[in-house]
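>>> what follows is a predicted protein model with its sequence.
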Amino acid sequence: MAGFLVPFLSGGLIKSQEIRDEYDDNAGKIIDAANSLYKEKFNKNQKAIELQNSNYTAIKNGLGVPMAEIAAKQGLLSEVPTAKIVGYVKSQFSKSFIDNVQKTANAVDADGKKTFKLSDLGYQTLFSEDIKTARDSLTSQRKWSAKNLNRGAIKNVADLYLAGDEELPEPTGLEKAQSFMFGDRVTESTGVAFDQAVAEKIGETVTVQPKEVKLEGTISERLGFKEPVHIGTVAEQDKAIAGILNIKDIKIAEGGGIIFPERYRNEVLAIKEKAKDYALEFTTMKGGTEVVNVSGLMQKAHNELAMTIISPIAVRFSGYEKDTSKVTASMNRRVMKAADINMNSDWVTKNGFTKDEFIKGKQNLYYGTDTESNLKAVPVDAITVSQNVLNVMEKEIENLSSLSMQKLYVDYLPDNLSVNINGNVMSAKNYFKSIFALVSY
């Protein structure tokens, strides 16, 4: 202790003041830095919150309250100038979606009362509540900083918010004497501890929208809205499909569409139907107009059908191919044939089929036009399936998502695949046509 008091014994009161000045200078630098940092942070945060409020008002006036609420919850109100916010929101949603929301919001019952409530949007809070919470949080942060960003709070803040439940080490005798004579020592490490404590207490930048929102489905699902599907003009669709299927014998219809040969009809319709599932993936906005990559869309639809329906059927058989015999030339539908069942296929293995469930024999197939007088019976090698196999195939067709998909499945079955219904052997195609009410192949 004697060593510590040497400055005073040797007339060191001036040295004592220098130490105090050093402590105060260090503390002042820490506080100045903190005040500057958080003042800027709070001001930026305030501007961000009020920008969202201004943008909300602009959308409310331009597109209606429901669209303003949706835009807020989608996080679209930040960092966009108010003068541009309406156009920005319009670019993020399709015109049909916005029109539907506005139509729903303005719907009235028989008494002329509006039937729509903001709670129908499915959000847990409204923007008015969210922004009040944000403003209150920011005000709380400002009050805390005004109370604690000062010389006297440096040690208390550091000890209180960093120490937690940990017991701080007892100060040494020298530390006690220094604290008694000059106040708590303020060093660079004290500043680091203080900065960490303040950052922990003040927390992250305040946001208007809640961090976690639990919602049931998408906003479109909650409003019962289904986006209209645009897959291009008929002419664009037909041109793309003709190229994909390499169809040569076509005729141009009135309006620019294509009249496809009848045997391609089901596949063309199935491709168009499947394309609806991927329309949005191939749609972009250009100058406020939706532009569809029709060629890419139809190719993807075709590839999907080939992978899920056509190829799985083909690999079930050996010698599976298009029947190009002369007698099939006049047929107005696709004619396929197979030499045998591929007993090594995954389909056979997965369903546990045995060789006995596929009986080879002869069968008359009728070729020609669909008029009874022109049908010609031609004996062919046929494969008759068991009831077990038939049931599996029925289930596969039943599970397809549309009539056009079902027709495509039947279209690609071998014409010489037969079923035995109570002793009556008939083409599998005719059988499925009958039970699924498929008007045409």
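Done, it's in.

>>> any idea how far Lys429 is from Ile435?
Here the criterion is Cβ to Cβ, to the nearest Å. By it, Ile435 lies 12 Å from Lys429. Backbone N, C-alpha and C define where each C-beta goes, glycine included.

>>> I meant Lys350, not that one.
For Lys350, the distance to Lys429 - Cβ to Cβ - is 23 Å.

>>> more crowded one of these two?
Taking neighbours as other Cβ atoms under 10 Å, Lys350 and Lys429 compare with Lys429 leading, 25 against 9.

>>> residue contacts, the more buried one?
Val410, Leu413, Asp415, Leu417, Tyr441 (Cβ atoms under 8 Å, 6 or more residues apart in numbering).

>>> ok, and the closest non-adjacent residue to the first one?
Looking back up the chat, that one is Val410. Ranked by Cβ to Cβ, 6 or more residues apart in numbering and with sequence neighbours excluded, the top spatial neighbour of Val410 is Phe432, at 4.9 Å.

>>> run a quick neighbour tally on that neighbour.
21.

>>> let me know the pLDDT of it.
In this model, Phe432 is scored at 90, pLDDT.

>>> and the gap between the closest residue in space to Glu262 that isn't next to it in sequence and Tyr409?
Nearest residue to Glu262, sequence neighbours excluded (Cβ to Cβ, 6+ apart): Asn332, at 4.0 Å. From Asn332 across to Tyr409, the span is 19 Å (Cβ to Cβ).

>>> the two - which one has more neighbours?
Neighbours per residue (other Cβ under 10 Å) separate Asn332 from Tyr409, with Tyr409 holding more: 24 against 13.

>>> what helix or strand does the more buried one sit in?
Using DSSP states H and E, Tyr409 maps to helix 403-411.

>>> go on, Asn420?
strand 417-421.

>>> surely Thr384 is within a strand?
Yes - under DSSP: H, G, I helix; E, B strand; the rest coil, Thr384 falls within a strand.

>>> low pLDDT regions in the stretch 1-150 of the chain?
Residues of the stretch 1-150 of the chain meeting the criterion pLDDT under 70: 1-38, 146, 148-150.

>>> helices along that one, start to end?
For the stretch 1-150 of the chain, the helices defined by DSSP state H, counting those that start in this stretch occupy 2-9, 13-63, 65-73, 82-92, 95-106, 127-148.

>>> show me what the fifth one is packed against.
Secondary structure elements in contact with helix 95-106, counted by 3 or more Cβ pairs under 8 Å, 6 or more residues apart in numbering; DSSP states H and E, are helix 65-73.

>>> ok now the helix it packs on, how far from the chain's centre?
19 Å (Cα atoms, centre = their mean, to the nearest Å).

>>> gap between the residue nearest to Val410 and Leu408?
12 Å.

>>> now do the shared contacts for the two.
Contacts common to Phe432 and Leu408, judged by Cβ under 8 Å, 6+ apart, are absent.

>>> tell me how the chain divides into domains.
Annotated domains of the chain cover 14-202, 234-312, 315-435 [automatic domain parsing].

>>> which of those domains sits closest to Pro228?
domain 14-202 (5.1 Å; Cβ to Cβ).

>>> state the mean pLDDT of the helix holding Tyr409.
Average pLDDT, helix 403-411: 91.

>>> start at 261 instead
In the new count, where the first residue is 261, that last one comes out as helix 663-671.

>>> distance from that helix to the middle of the chain?
29 Å.

>>> centre-most residue in this protein?
Central residue of the chain (Cα atoms, centre = their mean): Thr478, 9.1 Å from the mean position.

>>> give me the phi and psi for that residue.
phi -90, psi 170 (degrees, to the nearest 10).

>>> what about the strands in the stretch 461-610 of the chain?
511-512, 518-519, 543-546, 549-552, 577-578, 581-582, 596-597, 600-601 (DSSP state E, counting those that start in this stretch).

>>> quick revisit: make TSV from the domains of the chain and add distance to Gly484 to it.
Formatted as TSV, the domains of the chain follow (distance: least, Cβ to Cβ, whole Å):
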stretch	distance to Gly484
domain 274-462	8
domain 494-572	18
domain 575-695	20
